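Chemist: just a sequence and a predicted model for now, questions to come.
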Amino acid sequence: MYFFIQLVISGLVLGGVYALIALAIVVIYKTTQVFNFAQGALMLIGAYFCWSLSVQFGIPMVAGIALTLVFSVLLGLFVTKTFVEPLIGQPIISAVMMTLVLSLLMENVVNLLWGGPAGAYPQIFPDEPIMFGEFVISSQHLIILVFIFIIFGLMVGLFKYSNWGLQMRTVAEDHQAARSCGLNVKTVFGLCWAIAAVLAAISGVLQASISGVDASLISFGLKGFAAVLVGGLESVGGAIIGGLLIGVLENLTGGYLGSFGGGGVKEVIPYIILIVILIFRPHGLFGLHRIERI
Amino acid sequence: MFDLPCGVFDMNYKKDMAIVRTKVHWGLLISFLVFLFCVPLIANEYWITMIDFMAISLISVLGLNIVTGYCGQINVGQAAFMAVGAYTSGILTHHYGFNFWIAFPCAGLVAAATGILFGLPSLRLKGFYLAMATLSAQFIIIWVIMRPLMKWSGGDYGLEVPYVTLGNITFNKSVNSFYLIIPVALFLIYLSKNISRMRVGRAFVAIRDNDLAAEVMGINIFQYKLLAFAISSFYAGIAGSLLAHTVGRASVDHFGLMESVWVLGMLIVGGMGSTMGAVFGTVFIKVLEEMALLLTPLIGSLFPSLSINVSTSLGPITFSLVVIFFLIYEPRGWAHRWEIFKNYYRLHPFAY
């Protein structure tokens, strides 16, 4: 039981990162109806950019993170203007291919500029074990988890109460109706991609501060899809539950089935969950159930 | 819509259905084939190797064209099906001492069976969801090959695969492999062209254009979607098997997710839903990749501050920029340009 709870606790941290990624994917999907396969690459860029500022240029970490966020907003807007807007009205395969190729492009640009795995970040959060009764959690992990929940709160607040959030929800409802209300749909697209890029940078920096900066961050973007689909594509709340669920399940699989089938099952379990969800419940736990027989 | 040259009239059904329609056409085709088979006499080892790999990719792209181009089912896992083919024939020949000529069709069939298995979600899913399902297939298949089947596949080390032998010829050099791969590729091009014109191919196109209407017209969507996945994966399996036996080893490095993206990109650049498009796309991207490699030392010397990874990054960067360019400015790819060009020169002095 001790082992189980310990695995769940560390799984929650991983799940928090998945939840952030899932949130970004959901935000983009709801407004633009595009699956963003490039989320992992955006994470990678954010993490490397921040690493470059704080380690190579010696800027203090907090300022480095602030600059990274500004850079992410610009990156998101740039991606929308150059790559996403021209594809409005094109078939789905174009959108899939565009984000996949964008991911390849960004990964290789990072590889070209920085090359190979970088080192670790300077310590952002204190890393000391905290005891809860008999259970141990690293203070770094705890702070990251709390931080992720704060970001979630901020995002939900943004969607619910701000003018931008209202615009985004309107566009998500219906493009035509939003336009006839005088909204600029393309601006809202840009806004969503900027938010996604910021979330990507945050999740990239947080994950990299745990596991170090290297190209494996890109796989998080793909595993985040499992979280999205478990939660349901249209559901913001589903994203966080799906994310935490996938993170915990991945960790439990790693703990109990670590050597099953020759090992490495931890890495594929999100994909197996994904395919099972797709076959039996494509709308996920909280998504909209569209009746479309094919 | 395409026009025939002046003075060509189809007097009977057979003529109307012919692939090669005029004498000039026949002349061009035969001289191209003669030229193709003479390439090893004039080109050096490097270029022949490149053509070998180009033909292998072409086979894979042709398969993807059937499932994605004709049938409209997005498949982001083509490289994994290639891996199935490569390891099937590798394991059969390495561990069980089968002859290549028996293992070769087996590779295609096992890959086709895997394709049907992972095509099953397509019965309930469309668009993005299907892309996700095939993406998961990519990772699951590679994991299954790497871990549970490690005893047979050799895991991270890969698998030594014997070269192909026929009589007393061993296909261990790129020139020899050329005469193994090119005939197979040509046959598969011909097959793909004909599949697209058969009842099966027309059913695929109907499903792509409107699945409900296709169902109403009496096409069994269930059956045809799985058939599309099976044919596509069969092609992939054949390509994978050829790749393993040409290189002399099977290793999962050749079959990652990015390899699938490359195959999709070649199809997009060539033009989906056209056999000639698949050929154009593959040749174009492969030649471009070689050119990017040739430019590597130049870029490295111009920007010495860039990391040492110029050679590994430049190819993918060029590729992704080209695919993005095509997605935005010519989503119908080279095949469409080729049609425009053909119509133009056939009608030349006149515009109609």
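Modeler: In hand now; what should we look at?
Chemist: ok and the residue in the stretch 51-200 of chain A nearest chain B?
Modeler: Closest residue of the stretch 51-200 of chain A to chain B, C-beta to the nearest C-beta: residue A:115 (2.8 Å). The way it works is simple: take the backbone N, C-alpha and C, and place the C-beta from them, glycine included.
Chemist: tell me how far that residue lies from residue A:24.
Modeler: To residue A:24, residue A:115 is 27 Å away according to C-beta to C-beta, to the nearest Å.
Chemist: neighbour count winner among those two?
Modeler: Under the neighbour definition other C-beta atoms under 10 Å in any protein chain shown, residue A:115 and residue A:24 were set side by side, and residue A:24 has more, 30 against 15.
Chemist: what pLDDT does the most centrally placed residue in chain B get?
Modeler: The structure's chain B has its C-alpha centroid closest to residue B:61; by C-alpha atoms, centre = their mean the separation is 1.9 Å. Confidence at residue B:61, expressed as pLDDT, is 96.
Chemist: does it touch residue B:260 like I think?
Modeler: No: contact between residue B:61 and residue B:260 fails when scored by C-beta atoms under 8 Å: they sit 11.2 Å apart.
Chemist: ramachandran angles for residue A:214?
Modeler: Backbone geometry at residue A:214, expressed as degrees, to the nearest 10, gives phi -150, psi 180.
Chemist: again, but for residue B:98
Modeler: phi -70, psi 160.
Chemist: distance check, the closest residue to it other than its chain neighbours against residue B:320.
Modeler: Excluding its sequence neighbours, the residue lying closest to residue B:98 (C-beta to C-beta, 6 or more residues apart in numbering or on different chains) is residue B:92, at 4.2 Å. Residue B:92 sits 36 Å away from residue B:320, going by C-beta to C-beta.
Chemist: name the element the residue lying closest to residue B:200 once chain neighbours are set aside belongs to?
Modeler: Once flanking residues are discounted, residue B:200 sits nearest to residue B:227: 6.7 Å by C-beta to C-beta, 6+ apart. Element membership of residue B:227 [criterion: DSSP states H and E] is helix B:221-247.
Chemist: buried set for that helix?
Modeler: Buried residues in helix B:221-247, counted by 16 or more other C-beta atoms under 10 Å in any protein chain shown: B:221, B:224-247.
Chemist: skip ahead from that helix and say which helix or strand is next.
Modeler: With DSSP H and E, the next secondary element past helix B:221-247 is strand B:249-250.
Chemist: give me the mean pLDDT for that next one.
Modeler: 88.
Chemist: let me see the mean pLDDT of whatever helix or strand comes next after it.
Modeler: Following strand B:249-250 in sequence order, the next helix or strand is helix B:257-270 (DSSP H and E). Averaging pLDDT along helix B:257-270 gives 93.
Chemist: on contacts alone, who are the packing partners of helix B:257-270?
Modeler: Counting contacts by 3 or more C-beta pairs under 8 Å, 6 or more residues apart in numbering or on different chains; DSSP states H and E, helix B:257-270 is packed against helix A:92-113, helix B:45-64, helix B:78-95, helix B:127-146, helix B:275-302, helix B:310-329, helix B:333-346.
Chemist: repeat the analysis, applying 7 Å as the threshold.
Modeler: helix A:92-113, helix B:45-64, helix B:78-95, helix B:275-302, helix B:310-329, helix B:333-346 (3 or more C-beta pairs under 7 Å, 6 or more residues apart in numbering or on different chains; DSSP states H and E).
Chemist: who in the stretch 101-250 of chain B is up against chain A?
Modeler: Within the stretch 101-250 of chain B, the positions near chain A by C-beta under 7 Å from any C-beta of the partner chain are B:121, B:124-129, B:131-133, B:135-136, B:139-140, B:143, B:146-148, B:150, B:211.
Chemist: if I look at residue B:62, how far off is chain A?
Modeler: According to C-beta to the nearest C-beta, to the nearest Å, residue B:62 stands 17 Å off from chain A.
Chemist: tell me who's in contact with that residue.
Modeler: B:188, B:189, B:192, B:235, B:275, B:278 (C-beta atoms under 7 Å, 6 or more residues apart in numbering or on different chains).
Chemist: element containing the first one?
Modeler: Spelled out, that is residue B:188. helix B:174-197.
Chemist: just checking, what packs against that helix?
Modeler: The contact analysis (3+ C-beta pairs under 7 Å, 6+ apart) places helix B:174-197 against helix B:23-42, helix B:45-64, helix B:221-247, helix B:275-302.
Chemist: want to throw the ones you listed into JSON lines with distance to residue A:178?
Modeler: Formatted as JSON lines, the helices and strands packed on helix B:174-197 follow (distance: least, C-beta to C-beta, whole Å):
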{"stretch": "helix B:23-42", "distance to residue A:178": "53"}
{"stretch": "helix B:45-64", "distance to residue A:178": "36"}
{"stretch": "helix B:221-247", "distance to residue A:178": "34"}
{"stretch": "helix B:275-302", "distance to residue A:178": "37"}
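Chemist: and residue A:176, which of the ones you listed is closest to it?
Modeler: helix B:221-247 (30.4 Å; C-beta to C-beta).
Chemist: now the angle from that closest one to helix B:78-95?
Modeler: 50 degrees (axes from the mean of the first three to the mean of the last three C-alpha atoms, to 10 degrees).
Chemist: how about the secondary structure of residue B:349?
Modeler: coil (DSSP: H, G, I helix; E, B strand; the rest coil).
Chemist: separation between it and chain A?
Modeler: 36 Å.
Chemist: what residues are up against that residue?
Modeler: Per C-beta under 7 Å, 6+ apart, neighbours of residue B:349: none.
Chemist: list phi and psi for it.
Modeler: The phi/psi pair for residue B:349 (degrees, to the nearest 10) is phi -70, psi -20.
Chemist: then residue B:96?
Modeler: According to degrees, to the nearest 10, residue B:96 has phi -110, psi 0.
Chemist: so it versus chain A, what's the distance?
Modeler: Separation of residue B:96 from chain A (C-beta to the nearest C-beta): 21 Å.
Chemist: what is the neighbour count of that residue?
Modeler: What residue B:96 shows, counting by other C-beta under 10 Å, is a neighbour count of 9.
Chemist: check what pLDDT it gets.
Modeler: Looking at residue B:96, the pLDDT reads 90.
Chemist: what is the mean pLDDT for stretch A:91-103?
Modeler: Confidence for stretch A:91-103, expressed as mean pLDDT, is 91.
Chemist: who's in contact with that stretch?
Modeler: Outside stretch A:91-103, the residues within contact range by C-beta under 7 Å, 6+ apart are A:34-38, A:40-41, A:79, A:83, A:87, B:68, B:74, B:127-128, B:131, B:261, B:264-265, B:268, B:320, B:323-324, B:327, B:331.
Chemist: any residues of the stretch 151-294 of chain A in contact with chain B? List them.
Modeler: Residues of the stretch 151-294 of chain A lying near chain B (C-beta under 7 Å from any C-beta): A:222, A:225, A:229, A:261-264, A:267-268, A:271-272, A:274-275, A:278-279, A:282, A:294.
Chemist: list buried residues within those residues.
Modeler: Neighbour-count burial within these applies to A:222, A:225, A:229, A:263-264, A:267-268, A:271-272, A:274-275, A:278, A:282; the criterion is 16+ other C-beta under 10 Å.
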